[in-house]
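> Predicted model and sequence below, questions to follow.
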Amino acid sequence: MTLSDRAVAVRPVELADAPAFQALGAEAFGVPATPPPAPTAESWPPTGGRPWGAFDGDALAARLLVRGFTSWFHGATLPTAGFAGVTVAAEARGGGLVRALFDAALGEARERGEVISTLYPSAAGIYQGLGYGIVGGFDTVHVPLAALARVAAPTDGTRVRRAEAADLPAVRAAYDAWAAGQNGPLTRAEPPFAMDEALLSDHTGVTLAVDAADRVVGFASWDRGSGYDRTGRLEVEDLVALTPDAARTLWRALGSFGMVVGAVALSTSGLDPARLVLPDHAATLAAREAYMLRVLDVPGALGAARVAPLTARVPFAVVGRGDAVGPGDRLRGAWTLEVADGAVHVTRDGDAPASPADADRPTFTPAGLAASYAGAQSTANLRLAGQLTGPAHDDLVWDAVWGGRQVHVRDYF
Ligand SMILES: CC(C)(COP(=O)(O)OP(=O)(O)OC[C@H]1O[C@@H](n2cnc3c(N)ncnc32)[C@H](O)[C@@H]1OP(=O)(O)O)[C@@H](O)C(=O)NCCC(=O)NCCS
C-alpha cells in the first residue's frame, strides 16, 4: 500500500509526538552536535511556536513549525505567520504532504488574524505553488578589516561604549527606529528573537554608538570567534546605525580588531545604508537566503499601510498558482484599492476572472502581489516576469503607493 492510498491526518503535534517531530527535523536539516533536551509539558510546544504534523497512522510523515511574529511593512506592524522546518520523510516525498500541511497551518493562521506569512525556502519553487513570492534575502557579507581602517572618523562627537543591561531599552528603541522605516523586519517582540538580556549574554559584546548628548544612535552585536592569526572572522549579527557617524563609529570599532581578525562577517540585507560609509563599498556577498512572502488577508495587510498622501482608486485582481490554500482563503478575487490621506482601503469586488487573459483589470499572481506590495518589484518588472497582466494605465500609481520602502530582514528562522 502506498501513502497516497491511506488517509493522512494533519494536526498540531502534541507532546507525545514531539520526539518524532525533532527526529524528522534532524534528519532533514542535520543532526545537532548536542541533542536538544527531551520535550516536556513545560517546554512543548515551543513558546510562540505551533508545530504541525501529517500522520500516516501513528507515524509522523511530515512536519513544519509556524511561529507567530509581528513584522514591519509600510509603517505598520502586521501579525505574521513565519513558517520553518518544513520536512517530509524521505519515503513520503512526492505525495502532496507539503500542501496538506500548508492547507491546515495557513487556515489556522488566518483564523488567528495573521495577515501575511513569510519563510526562508530551501527551494523557492516549492512555495511559489502555495502563493509565496520572493521579496528579499538574508545576506552574509564579508568586509575585510583592512578596509575598515579607511572609514572616516565621525565629526559630530559620536563615540562608542559597551552596552549594559540598563541600555537595553535604548538598544530596542534604536532597532525599532530602523525597523519602522523598512518593509520586512520583525519587531523582535516575540521569541526566539525577543531583544532581552540574552542579547548581551549571547554575544561577546554589544557596542553602542552614542551621540554628543549620550543618546544611543546605533549598536553592533558581535562574536569574536577563536584564534588570532587574521584568518578568523568577527561575526556581526546586527549593525544598526541611525546616523552616518554612528555607522562610521561602529565600523571603526570593529576595524580596531585588524591585528587579530581578518574580516567582519555581517548579517545584512539589500542595499544596507550602514554599508554606504564603507570605502569603495568594500563588501562581498558570502551567502544569501531568499525571503518569501504570501498575503493571507488582502484588506488586512494592504489596508494597514501608511502611504503617500495621494488620492487613487485602482481595481485589480489576484489569480494564479497558490491563490487558494486552505480554508477561508480569499486571496483569489477581484479587488479595488483606494488611497486617501495616507490611508489604504481594499474592498472585494467579486470573483476573479476565470484566467488572467480574461482580465479587464491589472491582475497579479499571488507571488506578484507579494513582491509588489513589499516594494520588491515594480509593475514593469512584474509584467516582464509574467506576474502581472491586464491593463497597464494604473501601473505608475500602483508603484507610487507601494514603492517607497526597501525590504530588509535581519532574523533567519
Ligand atoms: C522539500 C520537501 C519538504 C518537499 O517535499 P515533497 O513531498 O517532495 O514535496 P511535494 O512532492 O509535495 O511537492 C510540492 C511542490 O513543490 C515542488 N517541489 C518539490 N521539491 C522542489 C524543489 N527542490 N524545487 C522546486 N520545486 C520543488 C513540487 O514540484 C510540487 O509542486 P506542485 O505542487 O506545483 O506540483 C522535502 O523534499 C524535504 O523534506 N526535503 C528536505 C528538507 C527541506 O529541504 N525542507 C524545505 C525547507 S524550506
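Yep, it's here.
> Just checking, which helix or strand succeeds the host helix or strand of residue 19 along the chain?
For residue 19, the host element (DSSP states H and E) is helix 18-29. Downstream of helix 18-29, the next assigned helix or strand under DSSP H and E is strand 49-56.
> what does that next one rub up against?
3, 6, 8-13, 17-18, 20-21, 45, 60-68, 92, 97, 100-101, 104-105, 108 (Cβ atoms under 8 Å, 6 or more residues apart in numbering). Every C-beta, even on glycine, is put in place using the N, C-alpha and C of the backbone.
> Please enumerate residues in contact with the least confident helix or strand in the chain by mean pLDDT?
Least confident element among the helices and strands of the chain, by mean pLDDT, DSSP states H and E: helix 145-148 (a mean of 92). Residues from elsewhere that reach helix 145-148 (Cβ under 8 Å, 6+ apart): 234, 251-252, 254-255, 257-258, 261-264, 278-280, 282.
> what lines up beside the helix or strand that it is followed by in the sheet?
Using DSSP H and E, the helix or strand that follows helix 145-148 in sequence is strand 159-162. When pairing is defined by DSSP bridges, strand 159-162 lines up against strand 205-210 (antiparallel).
> buried stuff in the strand it pairs with?
For strand 205-210, burial by neighbour count (16 or more other Cβ atoms under 10 Å) applies to 206, 207, 208, 209, 210.
> wait, which of the residues you listed is closest to residue 305?
residue 209 (30.6 Å; Cβ to Cβ).
> Can you name the residues that contact the closest one?
158-160, 216-219, 241, 243, 245-247, 249-250.
> burial of residue 258, as a residue count?
Residue 258 has 16 neighbouring residues, counting by other Cβ atoms under 10 Å.
> Three-state assignment for it, please.
coil (DSSP: H, G, I helix; E, B strand; the rest coil).
> hang on, isn't it packed against residue 149?
Yes - if you go by Cβ atoms under 8 Å, residue 258 and residue 149 touch, sitting 6.1 Å apart.
> for the protein, what's the longest helix?
When the chain is parsed with DSSP state H, its longest helix is helix 97-111.
> what comes up buried for stretch 258-278?
Within stretch 258-278, the residues that qualify as buried by neighbour count (16+ other Cβ under 10 Å) are 258, 261-270, 272, 274-275, 277-278.
> Tell me the bridge partners for residue 295.
residue 116.
> Close to the ligand: what parts of this protein are there?
Neighbours of the ligand within the chain, by Cβ under 6 Å from any ligand atom: 28, 86-88, 93-99, 121-123, 125-126, 129.
> which helices and strands does the longest strand anywhere in the chain pack with?
Longest strand in the chain by number of residues (criterion: DSSP state E): strand 59-73. Helices and strands touching strand 59-73, by 3 or more Cβ pairs under 8 Å, 6 or more residues apart in numbering; DSSP states H and E, are helix 18-29, strand 49-56, strand 76-88, helix 97-111, strand 116-119.
> mind checking pLDDT for the one residue in the chain that gets nearest to the ligand?
Residue of the chain nearest the ligand, by Cβ to the nearest ligand atom: residue 125 (2.7 Å). On pLDDT, residue 125 comes in at 94.
> does the residue lying closest to residue 86 once chain neighbours are set aside have beta-bridge partners, and which?
Distances taken as Cβ to Cβ, 6 or more residues apart in numbering put residue 64 closest to residue 86, at 4.5 Å, once the chain neighbours are dropped. Note on residue 64: beta-bridge partners by DSSP bridges are residue 52.
> May I have the secondary structure class of residue 188?
The three-state label given to residue 188 by three-state DSSP is coil.
> What is the burial count for the spatially closest residue to it that is not a sequence neighbour?
Leaving aside its chain neighbours, residue 188 sits nearest to residue 195 (4.8 Å; criterion: Cβ to Cβ, 6+ apart). Using other Cβ under 10 Å, residue 195 is surrounded by 17 other residues.
> and if you look at residue 398?
By other Cβ under 10 Å, 23 other residues sit near residue 398.
> In which helix or strand does residue 289 reside?
Using DSSP H and E, residue 289 falls in strand 284-295.
> Centre of the chain to that strand, how far?
Its chain's C-alpha centre and that of strand 284-295 lie 8 Å apart, by Cα atoms, centre = their mean, to the nearest Å.
> In terms of secondary structure, what does it contact?
In terms of contacts (3+ Cβ pairs under 8 Å, 6+ apart), strand 284-295 is packed against strand 116-119, helix 124-128, strand 133-144, helix 366-373.
> What angle do strand 133-144 and it make with each other?
160 degrees (axes from the mean of the first three to the mean of the last three Cα atoms, to 10 degrees).
> buried ones in strand 284-295?
For strand 284-295, by 16+ other Cβ under 10 Å, it's 290, 291, 292, 293, 294, 295.
> Quick check: the fourth one touching residue 117?
What it means is residue 293. Yes - using Cβ under 8 Å, residue 293 is in contact with residue 117, at 7.4 Å.
> Overlap of the contact sets of these two?
Joint contacts of residue 293 and residue 117 (Cβ under 8 Å, 6+ apart) are residue 132.
> I figured residue 72 was touching residue 177, is that so?
No - the criterion here is Cβ under 8 Å, and residue 72 misses it with residue 177 at 11.1 Å.
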